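Peer 1: Next one to model:
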Amino acid sequence: QVRLVESGGGLVQAGGSLRLSCAASGVTFRSAAMGWFRQAPGKEREFVATISRFGVSRYYADSVKGRFTVSRDNAKNTVYLQMNSLKPEDTAVYYCAQGTSTSGDAHSYAYWGQGTQVTVSS
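Peer 2: Numbering: from 1, shown residues only. Sure, this is the predicted structure:
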């Protein structure tokens with residue numbers, strides 16, 4: 001059974017940084033593309049970033065490009081999202097997901113974590 005567990009969320013002031021982690025189990029981690037999505041209250045879930053199996057390819061939403069960095073450690077079965085220069089509009093529940101290819105489409109990801117809350121105060 002695939003299990004994804006996010007951690008690292010919290011409350012931070014605008015301009016600050018957070019690093020989210022997503023630990024995977026029950027899956028051959030290095031065979032999976034991993035993605036990060038977020039959902040703010042009253043809004044649809046949106047794509048944030050994705051990384052290919054060995055980290056060669058990385059793609060970002062325009063809204064986070066240059067501020068967020070996705071990375072992975074296949075030895076630890078963990079994917080990370082380093083978030084810098086945070087803005088109040090980054091406030092959302094952040095989810096990691098496992099899929100077969102790098103994609104910005106949530107339907108391409110079969111497994112999801114439970115999410116971690118990120119709140120950015122102004």
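
Peer 1: Can you name the helix or strand that the residue lying closest to Val48 once chain neighbours are set aside falls in?
Peer 2: If the residues on either side of it in the chain are set aside, Val48 comes closest to Trp36, at 4.3 Å by CB to CB, 6 or more residues apart in numbering. Heads up, the C-betas are built off the backbone N, CA and C, glycines and all. Element membership for Trp36 (DSSP states H and E) is strand 33-39.

Peer 1: And that strand, what's buried?
Peer 2: Residues of strand 33-39 classed as buried: Ala33, Met34, Gly35, Trp36, Phe37, Arg38 (neighbour count, 16 or more other CB atoms under 10 Å).

Peer 1: mind listing what the fifth one touches?
Peer 2: Contacts were defined as CB atoms under 8 Å, 6 or more residues apart in numbering; by that measure Phe37 touches Arg45, Glu46, Phe47, Val48, Tyr94, Tyr95, Cys96, Ala97, Ala106, Tyr109.

Peer 1: Now do the SS call for the fifth one.
Peer 2: Which is Tyr94. Under DSSP: H, G, I helix; E, B strand; the rest coil, the three-state class of Tyr94 is strand.
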